[in-house]
Each structure stands twice: as structure tokens, then as C-alpha cells.
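In: only geometry, no sequence info:
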């Protein structure tokens, strides 16, 4: 949310999260669309507008709250900062931020499910939650990084995690994987860590750092669905409770190759951590990840992995509790085992 101070006109940005369900996108009853089970067709403009509140029509169509620097006249805000939004929404945001609605001049917000996650299943072996894809790996990688700090002094490399926006709509944005964040970070860290003798040597340091780097692109995988087993390749159906899935695709929708898959798999195997393999059916296309985007832009060796889940992209997704633990331990093993394991591979490469 962007706020403008009425005192001096200064601008500030604030993060906001309203933890109660203030909106609802109601579906149409089956009685009014008898053919819905033959195929649901959603018009996103017409059918996906959220309902904020119920009230008299005139109240819903009342003039918006004036933006900073403007007065509401005939339902419109005047002035250079005119900002058209329903006054009730602005009031809710203002209450959450502890400010006045008239000081809110812009925002970028998303509607999301507010129902808390839950552990379920008869044996409490499942996680029911919204946005497991891909907040699950944000949690897993952060937990693994903190769990591995005890061995950091023994590592001559740099351990890092990166969380990108906009993966589901192409990643072509400044904060997306198609932006410059990864390259900028590698440049700044490698140059700062090296005692280089000038700009040209600095460039060489960056190139060497990129070639020596290894990226684990972690995004949720599709678990074998008991009601749709025909949607998986018969020999590659990832299951719950069997570890992280290593993803392969000949069309380079995943950045995994034989070497990166082996290194990642062996890191876990050295500690008794299982892993699985996934290849999509030959007659189906698969989704992609940020792996190929970052790998092609940096040249870093990359493996695409993820824990298996059901109901990807639904409001309520599902994964296995054990796989979260497996993934945390596998990522810790990756950071701690990779340096020595990689040296054995390089030492045995034929000239």
C-alpha cells in the first residue's frame, strides 16, 4: 500500500495482510447450471469478481473516498493523485495500517484464502493448505539453510536461497526469475569475496563463480493421484512419503541433466534419504519452473526437484508431512555433502 502524508506530501509503502475473510467469490448453484458437470467454463471478467459486502445498491455505488490531494465530486476524485476504489475497502486497509483512508493513494493487493493450514489424514500424514505451491519450498529451503549453519565454517562456498515472484505468470519481471536479481547477487558476492586486481579480473571472477555454482530449483511436483493414475507415466509416478522428486524433461522444461540429478540424489543417499524420479507421459506436455530460466541466463548447473502434492493450484492443496522433513534433510545434505562429492566427480572425469 502506498501512503501519502498530508503534512509534507512524503510517500511511504507498507505491507498489509488482513487475516480475516473479507471477500468471497461465490459459485453458481448447480440448479442454475445443470450442465456444469459436463465442463465448467469460467469467464474471468464476469464470474470471478469477489463480493466485499452486501448493502443497499446506492451505498455500494457511493462515491469513493477522496485520495490525498483531491476531493470527491460526483463520484470522482480530483487532483493529480486521484485513486478510484470503493471507500469500504480503503477503510478496511486504513484500519489495518492505522492510518486514514484518504492517505492511501495506491496499492497492489491479492485475494487469498485465509483458512489456516491443517494436518489431516487418518494417521495425520497429510498437510492440507493453500499455496503449498510454492510456499512449501520457501519454508523448506529457509529451514534447511538455518539448520545447516553449524557446518558453514567447513564450507569454502557461499550458501544462499532465492524466492522469486511471478513464477506462475512467466517470471518476466524485475522481481521474477527472469530479472537480474540472481546475476546481480552472484556478481556482488563473488567480487566482494575475491581479492581481484581490477575490472577485468572482476569479470573473470564472476564467470568462474557461475561455472562453479549449483542451483537447486525447488518447485512442487505432481504426486500419483489414485483417481487419475492414467495421467502419469507408468514407471514414474511419485508417491507421498518417499522423498524429494527429481524432475526430468527432454524438451528442457526442467533444467535437470544426468550429472546434476546424480549429484543431488547422491547427497541424500549418503545420509539414507530417499528420492524419486519424475518424467511426464510422452503424450502430455508438462509445466515448467524457474530452473531453465535462471540456468539459461547464468550458465549455472541446475537440478529441478520438488516434493509431491495433489490438487496443485486449487484453493486447498495437499502434500505429505514426511516429505517436508525429507526435503529439509535433503537440502541440508546438499549443502554439506556437495563440496566433497563434487570433487570426486571432477577427479574421475575422462579428459
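Out: It's in. This is a predicted model, so every value here is computed, not measured.

In: where do the strands sit along the stretch 51-200 of the chain?
Out: 72-73, 76-77, 104-106, 118-120, 126-129 (DSSP state E, counting those that start in this stretch).

In: can you say which of those strands is nearest to residue 179?
Out: Residue 179 lies closest to strand 104-106 among the strands of the stretch 51-200 of the chain, at 21.7 Å (Cβ to Cβ). All C-beta spots, glycine's among them, are computed from the backbone N, C-alpha and C.

In: in that closest one, what's buried?
Out: Within strand 104-106, the residues that count as buried by 16 or more other Cβ atoms under 10 Å are 104-105.

In: adjacent strands (with direction) for that strand?
Out: In the sheet, strand 104-106 lines up against strand 2-4 (antiparallel) (DSSP bridges).

In: what about the partner strand, average pLDDT?
Out: Strand 2-4 shows a mean pLDDT of 95.

In: show me how far that strand is from its chain's centre.
Out: In terms of Cα atoms, centre = their mean, to the nearest Å, the centre of strand 2-4 is found 27 Å from the chain centre.

In: ok, and for it, which residues are buried?
Out: Buried residues in strand 2-4 (16+ other Cβ under 10 Å): 2-4.

In: going by distance to residue 185, which of those wins?
Out: residue 2 (26.7 Å).

In: excluding covalently adjacent residues, which one is nearest to that closest one?
Out: Of all residues not flanking residue 2 in the chain, residue 106 sits nearest, at 4.2 Å (Cβ to Cβ, 6 or more residues apart in numbering).

In: can you give me the helices in the stretch 201-350 of the chain?
Out: 258-269, 291-298, 321-347 (DSSP state H, counting those that start in this stretch).

In: mind listing what's buried along the longest one?
Out: By neighbour count, and taking 16+ other Cβ under 10 Å as the criterion, the buried residues in helix 321-347 are 321, 323-338, 341-342.

In: do the same with the shortest one
Out: Neighbour-count burial for helix 291-298, with 16+ other Cβ under 10 Å as criterion, is recorded at 291-295, 298.

In: tell me the pLDDT of residue 66.
Out: 49.

In: whoops, I mixed them up, residue 36
Out: Residue-level pLDDT assigned to residue 36 equals 88.

In: same check, this time on residue 321
Out: For residue 321, pLDDT reads 97.

In: check contacts around residue 13.
Out: 1-3 (Cβ atoms under 8 Å, 6 or more residues apart in numbering).
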